[in-house]
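*Asks:* no sequence on hand, only this structure:
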């Protein structure tokens, strides 16, 4: 199964090595220096070099045909694709009303998700041990009644946030098949979506 221990050295990163990129965008050494404000020039050859570097990143393919990418965020392996609402906030946590605290920031994102789900008639909760937002369902996809409906993964550099969260609206949940992927590295818990929860709510109403 896909997890932290089986990513493989061939897995591609979504970003090219920063040092190589910096070297590729530096001015040509033969460029004449004048008394002008410092600038960074990029020649056509530099752009070609960066393009070649990005093309070298060939992703490993999962058994279900999905490409696998290594990225620079917290958390474990997960899936992103059609039917998800992916939110990627870029915030400066040094500015008010934010805090220089990634744990606080993560909890604030969970709160945004919980309130959003409430607007659509779904009761989302936090988990004592695992990040993300969870709902109680009767899904046959897992023996657990605790299913993740939104995943959260954050990173930051100098308190500028990157990455964010993904809410499962109506994705194909087969991509979370636990025989191939251990979503977020969490054992014994399932994955659901807004659409799946709505279906269960309709069934419950029909049975009443």
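*Replies:* Great, that's in hand. Quick caveat, the model's predicted, so the values are computed rather than measured.
*Asks:* helices or strands next to whichever strand or helix holds residue 154 in the packing?
*Replies:* Remark: residue 154 resides in strand 146-157, with elements defined by DSSP states H and E. Applying 3 or more C-beta pairs under 8 Å, 6 or more residues apart in numbering; DSSP states H and E, one finds that strand 146-157 contacts helix 102-119, strand 133-136, strand 160-168, strand 190-191. From N, CA and C alone the C-beta is placed, and that goes for glycine too.
*Asks:* winner for burial among those?
*Replies:* The highest average neighbour count among these, using mean count of other C-beta atoms under 10 Å, belongs to strand 190-191 at a mean of 25.
*Asks:* okay, now the sheet partners of that strand, with direction.
*Replies:* strand 146-157 (parallel) (DSSP bridges).
*Asks:* mind listing what's buried along the strand it pairs with?
*Replies:* Residues 146-154, 156 are the ones in strand 146-157 that count as buried (16 or more other C-beta atoms under 10 Å).
*Asks:* closest to residue 89 among those?
*Replies:* residue 154 (8.9 Å; C-beta to C-beta).
*Asks:* does that closest one touch residue 163 like I think?
*Replies:* Yes. Under the criterion of C-beta atoms under 8 Å, residue 154 makes contact with residue 163 at 5.5 Å.
*Asks:* separation between residue 64 and residue 127?
*Replies:* 27 Å (C-beta to C-beta, to the nearest Å).
*Asks:* find the nearest non-adjacent residue to residue 87, please.
*Replies:* residue 164 (4.7 Å; C-beta to C-beta, 6 or more residues apart in numbering).
*Asks:* who does that neighbour bridge with?
*Replies:* Beta-bridge pairing of residue 164 under DSSP bridges involves residue 153.
*Asks:* mean confidence for stretch 100-113?
*Replies:* Mean per-residue pLDDT for stretch 100-113: 96.
*Asks:* what does stretch 70-84 give?
*Replies:* Rounded mean pLDDT across stretch 70-84 is 78.
*Asks:* end to end, how far does stretch 93-108 reach?
*Replies:* Counting by C-alpha to C-alpha, to the nearest Å, you get 12 Å between the two ends of stretch 93-108.
*Asks:* name the helix or strand for residue 85, please.
*Replies:* Going by DSSP H and E, residue 85 is in strand 84-87.
*Asks:* partners of that strand in the sheet?
*Replies:* In the sheet, strand 84-87 lines up with strand 160-168 (antiparallel) (DSSP bridges).
*Asks:* the nearest residue to residue 131 once chain neighbours are set aside: what's it in contact with?
*Replies:* Nearest non-adjacent residue to residue 131, counting by C-beta to C-beta, 6+ apart: residue 152, 5.0 Å away. Residues in contact with residue 152 (C-beta atoms under 8 Å, 6 or more residues apart in numbering) are 75, 106, 109-110, 113, 131-133, 164-165.
*Asks:* much appreciated, bye for now.
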